[in-house]
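# structure of the sequence below:
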Amino acid sequence: MRIDKYLWCVRYYKTRNMVTEACKKNHVTVNGQIAKPSKEVFPTDKITFRKDQITQIITVLDIPENRVGAKLVDVYRKNETPAEAYEHLELLKLSKEHYRKNGTGRPTKKDRRDIDDYGNEIHSDEE
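From the prediction side, this is the model:
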């Protein structure tokens, strides 16, 4: 089965076009080699790809006939992505929420002054 179809079938990407674009940008490797969208994958192949700021590592266990339901995905692949990668993603999400909520608009004068004060504290600590 083609790599683009496989990654779509096991629900890592929403469309095959998204997988094709990732392959063209050299984000997908099979057994350590950069993969084109038409690269064939077989059981025991190790696929590495970058998605959502995480380098995913999966091993092909079996080839599905068609796109499978979310509950059946584990039959066809083994996820070997380290847990630290997911923890790092959670920290990124929390850090983004810490600064400003989405949709709150431009910083107010008070926000700007707080930011300036914070920057001044850092520079005074360095001296």
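# quick one, what contacts residue 61?
With C-beta atoms under 8 Å, 6 or more residues apart in numbering as the criterion, the residues that contact residue 61 are 43, 75-78. C-beta here means a position set from N, CA and C on the backbone, and glycine is covered the same way.
# repeat that for residue 41.
Residue 41 sits in contact with 1-3, 6, 30, 47, 60, 63, where contact means C-beta under 8 Å, 6+ apart.
# about what we covered before: among the contacts of residue 61, which ones are buried?
Restricting the contacts of residue 61 to buried positions leaves 76-77, with burial counted as 16 or more other C-beta atoms under 10 Å.
# could you work out the most separated pair of the contacts of residue 61?
For those, with distances taken as C-beta to C-beta, the pair at the greatest spread is 43 and 75 (11.8 Å).
# shared neighbours, those two?
With contacts defined as C-beta under 8 Å, 6+ apart, the residues adjacent to both residue 43 and residue 75 are 61-62.
# tell me which of the contacts of residue 61 fall in helices.
When those are checked against helices (DSSP state H), the matches are 75-76.
# packing partners for the worst-scoring helix or strand of the chain on mean pLDDT?
Lowest mean confidence among the helices and strands of the chain (mean pLDDT, DSSP states H and E): helix 109-126, at a mean of 76. Using 3 or more C-beta pairs under 8 Å, 6 or more residues apart in numbering; DSSP states H and E as the contact criterion, no helix or strand is in contact with helix 109-126.
# what segments of this structure are helices?
Going by DSSP H, the chain shows helices at 3-9, 16-24, 73-76, 83-99, 109-126.
# quick check: closest non-adjacent residue to residue 45.
The shortest distance from residue 45 to any residue other than its chain neighbours is 4.6 Å, reached at residue 60 (C-beta to C-beta, 6 or more residues apart in numbering).
# ok, the one you found touching residue 79?
No: the pair residue 60 and residue 79 does not pass the contact test of C-beta atoms under 8 Å, sitting 11.5 Å apart.
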